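In: Need coordinates for the below:
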Amino acid sequence: MILEEPESMSPSGIPAGPDPSTGEASPEVPNHEVEDLLARLDASEAKAREHWERYLRTAAELENLRKRAQREVENAHRFA
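Out: Below you'll find the model as predicted:
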């Protein structure tokens, strides 16, 4: 999935804070939180890939079952 980066994003991918010239403090995300979020993202992506592969296998199995049942009905009519 490709997301467009907002204009306020810094090159590091962390949202840029307010302009330092205004005197407002820039909200910083602690490094451990970023690492935790990246780890959770990786785990979620792996789980999504696993579910997608399981879906594809199940869909293929269902299609094979449908074809097998159709062949059996045709054979039953032919040799009945």
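In: Please report how far residue 65 lies from residue 59.
Out: Computed as Cβ to Cβ, to the nearest Å, the residue 65 to residue 59 distance reads 11 Å. Yep, even glycine has a C-beta here, placed from its N, CA and C like the rest.
In: hang on, I meant residue 77
Out: For residue 77, the distance to residue 59 - Cβ to Cβ - is 28 Å.
In: which regions of the chain sit below the pLDDT cut-off?
Out: 1-27 (pLDDT under 70).
In: now the helices: where do they sit in it?
Out: Taking DSSP state H to define them, one finds helices in the chain at 31-79.
In: where's residue 71 relative to residue 29, distance?
Out: Noted for residue 71: a distance of 59 Å to residue 29, by Cβ to Cβ.
In: Next: residue 39.
Out: From residue 39 to residue 29 the distance is 14 Å (Cβ to Cβ).
In: Residue 59 now?
Out: In this structure, residue 59 lies at 40 Å from residue 29, with Cβ to Cβ as the measure.
In: got it, and residue 48?
Out: Applying Cβ to Cβ to residue 48 and residue 29 gives a distance of 24 Å.
In: what's the answer for residue 77, then?
Out: With the distance defined as Cβ to Cβ, residue 77 ends up 68 Å from residue 29.
In: and if you look at residue 66?
Out: Distance check for residue 66 against residue 29: by Cβ to Cβ, it reads 51 Å.
In: can you check residue 40 too?
Out: On the measure of Cβ to Cβ, residue 40 and residue 29 end up 14 Å apart.
In: same question, residue 73
Out: Taking Cβ to Cβ as the criterion, residue 73 is separated from residue 29 by 61 Å.
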